[in-house]
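Visitor: coordinates only, no sequence provided:
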């Protein structure tokens, strides 16, 4: 039953101004429509911006200033480029005016040892400086200089052995590339990883090898070892196998694990968002290990060929 009080014309009459200003009136409907159009335009702009972001190429190491695998690879390639250039210089300077094709291995061979010595000493000093100062600041210029000195050393020692054992440089280079390639493939596939236990064994073996190498050099310099042993104690035979070959194989395995440590450090740096400059340290570590690996393989082949 309806209330007669609400049937009074005073309650039924509407003021047009009240209707226009009432929250549910025409202005509210028009405002809602304008707001809807505004939000639609904003959504369209946001969608267009997202589509542009998805279509744009991913941010690289330069944009993010963070370490990346690709950037470290380019840095490594650049360092090895410097090494190859100075290696060619060291090769030429070491041989001097020697006519290699007419060289008689039984005659006196007097190469220019200056590039070899300068490269070895310079590379060692710079390696120590880079290793112990890079925690505070990474200096790419020192790493460039290290690559240049190592090139002189590699070129000098390679030319020396190439004259005595023709073809040995190609053999050592091929073996080095093979070891690096296999190690990288196994690491990328996840079949080998660095572990605390393996790293401890590696450090112990590394210290033992350094002590043995220093002792061998001292015995050679002091004349304690026979003159016929070009590599000192490494030239000795054990059951017909040169000691240098046995130790050399173990050292190659150590160098391969050192590469695993280098790859692992680069991977950890990328995951932790390390600054881009630390890619130089990753490249430096790989170069140190590869040079070490090449020298060891070069010596193994020289010992085998000299023993035949």
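Guide: Looks like it arrived, so ask away. Because the structure is predicted, anything quoted here is derived from the model rather than measured.
Visitor: hey, let's count contacts and neighbours off CA atoms from now on
Guide: Noted.
Visitor: pLDDT weak spots in the stretch 201-308 of the chain?
Guide: By pLDDT under 70, the low-scoring segments of the stretch 201-308 of the chain are 226-230, 308.
Visitor: tell me where it has strands.
Guide: 237-238, 241-242 (DSSP state E, counting those that start in this stretch).
Visitor: looking at those strands, which is buried most?
Guide: Sort those by mean neighbour count, taking mean count of other CA atoms under 10 Å, and strand 241-242 sits at the top with a mean of 16.
Visitor: which neighbours does that strand have in its sheet, and in what orientation?
Guide: strand 237-238 (antiparallel) (DSSP bridges).
Visitor: run through who's touching the partner strand.
Guide: The contact list for strand 237-238 (CA atoms under 8 Å, 6 or more residues apart in numbering) reads residue 243.
Visitor: now the helices for the stretch 151-300 of the chain?
Guide: Across the stretch 151-300 of the chain, reading from the start of the chain, the helices by DSSP state H, counting those that start in this stretch fall at 168-188, 196-221, 243-271, 279-307.
Visitor: which helices and strands does the last one pack with?
Guide: This points to helix 279-307. helix 69-95, helix 140-164, helix 168-188, strand 241-242, helix 243-271 (3 or more CA pairs under 8 Å, 6 or more residues apart in numbering; DSSP states H and E).
Visitor: likewise for the third one?
Guide: Helix 243-271 is packed against helix 69-95, helix 168-188, helix 196-221, helix 279-307, with contacts defined by 3+ CA pairs under 8 Å, 6+ apart.
Visitor: export those helices to TSV and tack on distance to residue 135?
Guide: Below are the helices and strands packed on helix 243-271 laid out as TSV (distance: least, CA to CA, whole Å):
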stretch	distance to residue 135
helix 69-95	18
helix 168-188	26
helix 196-221	21
helix 279-307	10
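Visitor: which stretch among those helices comes nearest residue 147?
Guide: helix 69-95 (5.1 Å; CA to CA).
Visitor: following the closest one, which helix or strand comes up?
Guide: Downstream of helix 69-95, the next assigned helix or strand under DSSP states H and E is helix 114-133.
Visitor: contact partners of that following helix?
Guide: 90, 93-94, 138-139, 142-143, 145-157.
Visitor: mean pLDDT lowest for which of the helices and strands packed on helix 279-307?
Guide: When mean pLDDT is averaged over each of the helices and strands packed on helix 279-307, strand 241-242 scores lowest at a mean of 83.
Visitor: could you list the buried residues of stretch 151-169?
Guide: Of the residues in stretch 151-169, 151-164, 168-169 count as buried by neighbour count, 16 or more other CA atoms under 10 Å.
Visitor: ditto for stretch 110-125
Guide: For stretch 110-125, by 16+ other CA under 10 Å, it's 111-113, 115-120, 122-123.
Visitor: average pLDDT for that stretch?
Guide: Stretch 110-125 comes out at a mean pLDDT of 89.
Visitor: stretch 122-133: how far from the chain's middle?
Guide: 17 Å (CA atoms, centre = their mean, to the nearest Å).
Visitor: likewise for stretch 262-275?
Guide: The answer for stretch 262-275 is 10 Å, by CA atoms, centre = their mean.
Visitor: one more: stretch 269-285?
Guide: The chain centre lies 8 Å from the centre of stretch 269-285; the measure is CA atoms, centre = their mean.
Visitor: do stretch 239-249 as well
Guide: Distance, centroid of stretch 239-249 to centroid of chain: 31 Å (CA atoms, centre = their mean).
Visitor: so the chain: which segments form each domain?
Guide: Annotated domains of the chain cover 9-55, 61-307 [automatic domain parsing].
Visitor: can you tell me which of these is packed in deepest?
Guide: Highest mean neighbour count among the domains of the chain (mean count of other CA under 10 Å): domain 61-307, a mean of 17.
Visitor: ok, residue 84 touching residue 153?
Guide: No - distance between residue 84 and residue 153: 10.9 Å, which falls outside the contact criterion (CA atoms under 8 Å).
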